[in-house]
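[1] Provided below for reference: sequence and predicted model.
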Amino acid sequence: MIDSFAENIKKIMGWCPVKDIEFRQPQKNCSPDFQSASSLGKTVNIRQFRSANVIFPTNSSLYTAFLIAGLSVLFRLPSSLGLLNYLIIVSVVYVFYFFIVSRSFQASILVNDSGVHLSSIGMKNITLNHSEISSIISNKLVEHSKKTLLMLKCIAFVIVFAIVTHMVMLGEWRTILSMIPLLPLSLFVYQKQKKDYYNLDTQLYIEYKNKRWYKLSPYYSLITDEVTASEIEDAIEHYRKTA
């Protein structure tokens, strides 16, 4: 009778043993359907794992290459081209660049029984079959000190300032107009990464057997936090064993 009364009191107060356990566990950026295979020292079913706290280095390489190509085109436009037409071309180049950058921020990974789903990697979605995954390798990224990062930022600022000053002295106003939109875009990227991502300190390499002929490497790489990387490895290994 006393035990029953105590249980009723706990229910009225909103106490739940499962919620109590979840409260004490560290927060993870994953789907609630995921359950760790090593949780509480015993094997449980893993249904799926999802995380948006991932960055694909392929995307960074893609929009960096596009930016370099776009600026090269702008710098080589004939001087006889009218200012209005030049500004239109500059706007088109940066609209495409902004689209690529925005698309890269939609990156996510989903691991379930149908495969490893990589969203917005290289401007497309890719699904990797568990049976064709050869290996998974994780590496801890090197963390630079605050002094080193500050020094690199100062060096970058000095280089950019020197280039702009040189362009002003030469009267290359079109070149300056081409580079002005880089400032707000750089601030947008920095603030977006700072707001949406955290602890990007681990790089994960997924080796795939069925490499396309145009692929230089059989690895699909992503950068995330250490906990997410571990959970991704557990989920993929689970499905590889059951595939």
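    That came through fine. Numbering: from 1, shown residues only.

[2] contacts, neighbours, all on C-alpha from now
    Fine.

[3] among the helices and strands of this structure, which one scores worst on average pLDDT?
    Scoring the helices and strands of the chain by mean pLDDT, DSSP states H and E places helix 17-24 at the bottom, with a mean of 38.

[4] Quick check, central residue of the chain?
    Ile55 (1.5 Å; C-alpha atoms, centre = their mean).

[5] what pairs with that residue across the strands?
    Beta-bridge pairing of Ile55 under DSSP bridges involves Ile223.

[6] follow-up on the earlier one: after the least confident helix or strand of the chain, next one along is what?
    Later in the chain than helix 17-24, the nearest helix or strand by DSSP states H and E is strand 49-51.

[7] Packing partners of that next one?
    strand 108-112, helix 226-242 (3 or more C-alpha pairs under 8 Å, 6 or more residues apart in numbering; DSSP states H and E).

[8] Nearest to Leu182 among those would be which one?
    strand 108-112 (25.9 Å; C-alpha to C-alpha).

[9] which other helices and strands contact the following helix or strand past the closest one?
    With elements assigned by DSSP H and E, the helix or strand that comes after strand 108-112 is strand 115-121. Identification of packing neighbours for strand 115-121 by 3+ C-alpha pairs under 8 Å, 6+ apart yields helix 83-104, strand 108-112, strand 124-128.

[10] and strand 115-121 with strand 124-128, angle?
    Using axes from the mean of the first three to the mean of the last three C-alpha atoms, to 10 degrees, the direction of strand 115-121 lies 160 degrees away from that of strand 124-128.

[11] Settle this for me: Tyr97 is touching Tyr63, isn't it.
    Yes. The pair formed by Tyr97 and Tyr63 meets the contact definition of C-alpha atoms under 8 Å, at 6.7 Å.

[12] For the longest helix anywhere in the chain, give me every contacting residue.
    Using DSSP state H, we find that the single longest helix of the chain is helix 146-170. For helix 146-170, contacts defined as C-alpha atoms under 8 Å, 6 or more residues apart in numbering pick out Trp173, Thr175, Ile176.

[13] got those as JSON lines, with distance to Gly82 and pLDDT columns?
    Converted to JSON lines, the contacts of helix 146-170 look like this (distance: C-alpha to C-alpha, whole Å; pLDDT from 0 to 100):
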{"residue": "Trp173", "distance to Gly82": "13", "pLDDT": "78"}
{"residue": "Thr175", "distance to Gly82": "14", "pLDDT": "78"}
{"residue": "Ile176", "distance to Gly82": "16", "pLDDT": "79"}
